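Trainee: Okay, here's the prediction I keep looking at, along with the sequence it came from:
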Amino acid sequence: MTDPAKRYDRAYFDRFYRRRRTRVHSSDDVQRKVRLAVSAAEFVLERPIESVLDIGAGEGAWHPLLRRLRPGVEYVGVEPSEYAVRRHGRRRNIRRGTFDDLDAAGVRGRFDLIVCADVMNYLAPRELRAGLAQIAKRMRGLAYLEIYTADDELEGDLDGIDLRPARWYRAMLRDAGLLGCGLHCYVGRAAAHNVAAMEGGW
């Protein structure tokens with residue numbers, strides 16, 4: 001279950017995203033993720049992406065990298081941290097909201113690429129189920145969803161993390177109508193015809 005007492009304040013972002021010795025990702029790591037997600041979405045869509053929804057956007061680290069790759073892309077970030085939204089919300093189009101209630105955050109329409117990195121393993125089953133259903137409803141192309149299981153070795157912020165068996169996550173994703181196609185990438189049923197049988201499964 002998500003820990004309501006956990007503080008996603010400046011000290012948290014300094015520790016896990018900015019300080020060289022304690023951060024969980026380098027800027028090169030994030031750039032590789034962005035390039036992967038954009039390329040995969042454009043492969044599925046067969047055109048350049050035009051819109052991105054970033055759920056659990058944090059300080060919007062994906063925003064400048066996406067704009068560098070696709071200058072005209074529309075970016076919408078959703079983030080529960082009051083600190084991150086206050087600091088970067090206006091400049092990077094990040095609004096306050098949670099994974100499981102995108103409607104309340106004012107997220108409308110469908111997106112070519114939906115991103116959720118470093119978030120899903122901290123959610124309670126109810127939150128995860130509700131959020132995946134909302135993602136499936138808003139997908140036009142591809143979703144990049146980082147999910148780790150009890151079989152994975154992790155480093156970083158492990159406070160409050162809940163690692164379940166891979167089959168548990170697969171069932172949750174399948175119920176939401178999301179098809180895995182490798183490297184944290186998923187498509188909905190409408191785009192499943194662009195995924196070869198050997199690349200994924202329900």
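Mentor: That came in fine, so what should we check first?

Trainee: Could I get the full set of strands for this protein?
Mentor: 51-55, 74-79, 94-96, 111-116, 139-145, 178-180, 185-188 (DSSP state E).

Trainee: Tell me the strands beside the first one, with direction?
Mentor: As defined by DSSP bridges, the strand partners of strand 51-55 come to strand 74-79 (parallel), strand 111-116 (parallel).

Trainee: Pick the most deeply packed of those strands.
Mentor: Greatest average neighbour count among the strands paired with strand 51-55 goes to strand 111-116 (a mean of 26), per mean count of other C-beta atoms under 10 Å. C-betas here are computed from N, CA, C, even on glycine.

Trainee: For the nearest residue to residue 53 once chain neighbours are set aside, give the beta-bridge partners.
Mentor: Nearest in space to residue 53, with sequence neighbours left out and distances taken as C-beta to C-beta, 6 or more residues apart in numbering, is residue 111 at 4.3 Å. Going by DSSP bridges, residue 111 is paired in beta bridges with residue 139.

Trainee: With residue 76 instead?
Mentor: residue 53.

Trainee: how close does it sit to residue 83?
Mentor: As defined by C-beta to C-beta, to the nearest Å, residue 76 lies at a distance of 19 Å from residue 83.

Trainee: Just give the nearest non-adjacent residue to the residue nearest in space to the middle of the chain, would you?
Mentor: The structure's the chain has its C-alpha centroid closest to residue 116; by C-alpha atoms, centre = their mean the separation is 0.7 Å. Leaving aside its sequence neighbours, residue 116 sits nearest to residue 55 (C-beta to C-beta, 6+ apart; 4.4 Å).

Trainee: and the longest helix for this protein?
Mentor: helix 27-45 (DSSP state H).

Trainee: Check which helices and strands that helix sits against.
Mentor: For helix 27-45, the packing partners by 3 or more C-beta pairs under 8 Å, 6 or more residues apart in numbering; DSSP states H and E come out as helix 62-69, strand 111-116, strand 139-145, strand 185-188.

Trainee: Include mean pLDDT when you put those into a markdown table, please.
Mentor: Shown next, in a markdown table, are those (pLDDT from 0 to 100):
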| stretch | mean pLDDT |
| --- | --- |
| helix 62-69 | 96 |
| strand 111-116 | 98 |
| strand 139-145 | 97 |
| strand 185-188 | 95 |
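
Trainee: can I get the ones you listed in CSV with distance to residue 42?
Mentor: Below are those laid out as CSV (distance: least, C-beta to C-beta, whole Å):
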stretch, distance to residue 42
helix 62-69, 10
strand 111-116, 8
strand 139-145, 8
strand 185-188, 12
